[in-house]
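*Asks:* Kindly generate the corresponding structure for this input.
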Amino acid sequence: MLKGITVKLINVVDVDRDEFNAPIYEEVEIYVDNVLVQPATAQEIIDSQNLYGRKVVYNIAIPKGDKHEWENQYVEFFGERFHVFTPAVEGIENMIPLEWNKKYQVERYE
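*Replies:* Numbering: from 1, shown residues only. Alright, predicted model coming up:
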């Protein structure tokens, strides 16, 4: 049986304003089980650099039914931190036979 790993999704949330009316952000950590992680292919790396000016490192597949915000957020797995920089590529949930229906690309975040 195919099974993904648990990743830490880090949502950056606007929680308040400072005295100059600039937003104050807080990181909220959420653990998501059964996320597939796949290294990016050479062609995907080239395409992401041409389209977004960023270097994709991994593709992540999100389980069906997940309602978390992933785009422009951070994830941690394999002991490293990554930035989700692409919009979701999403299939019709009941038309896909496996447990995942969304795919994102992530870049290394240092």
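
*Asks:* so what's residue 101 up against?
*Replies:* When contacts are counted by CB atoms under 8 Å, 6 or more residues apart in numbering, residue 101 is found next to 62, 64, 90-93. Placement of C-beta: from N, CA and C, glycine included.

*Asks:* change it to 6 Å
*Replies:* Residues near residue 101 by CB atoms under 6 Å, 6 or more residues apart in numbering: 64, 91, 93.

*Asks:* Repeat that for residue 29.
*Replies:* 8, 10.

*Asks:* per-residue confidence for the spatially most central residue of the chain?
*Replies:* The chain has residue 84 as the residue nearest its centroid, 4.1 Å off, counting by CA atoms, centre = their mean. Looking at residue 84, its pLDDT reads 96.

*Asks:* Next: the one 10 residues further on.
*Replies:* On pLDDT, residue 94 comes in at 87.

*Asks:* Specify the local secondary structure of it.
*Replies:* Under DSSP: H, G, I helix; E, B strand; the rest coil, residue 94 falls in the helix class.

*Asks:* closest to residue 50 among the contacts of residue 101?
*Replies:* Closest approach between the contacts of residue 101 and residue 50, by CB to CB: residue 91, at 24.4 Å.

*Asks:* What sits closest to that closest one if chain neighbours are left out?
*Replies:* Excluding its sequence neighbours, the residue lying closest to residue 91 (CB to CB, 6 or more residues apart in numbering) is residue 101, at 4.7 Å.

*Asks:* In terms of helices and strands, where is that neighbour?
*Replies:* strand 100-108 (DSSP states H and E).

*Asks:* ok, now residue 49?
*Replies:* Here residue 49 is assigned to helix 42-52, by DSSP H and E.

*Asks:* Could you point out the helix or strand that follows that helix?
*Replies:* Assigned by DSSP H and E, the successor of helix 42-52 is strand 58-63.

*Asks:* Dump that following strand to PDB, restricted to CA.
*Replies:* Output of strand 58-63 as PDB, limited to C-alpha atoms (Å, rounded to 0.1, in the frame of the first residue of the first chain):
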ATOM      1  CA  TYR A  58      10.300  18.600  -4.700                       C
ATOM      2  CA  ASN A  59       6.700  18.000  -5.700                       C
ATOM      3  CA  ILE A  60       4.300  17.300  -2.900                       C
ATOM      4  CA  ALA A  61       0.900  15.600  -3.300                       C
ATOM      5  CA  ILE A  62      -1.800  16.400  -0.700                       C
ATOM      6  CA  PRO A  63      -4.400  13.900   0.500                       C
END
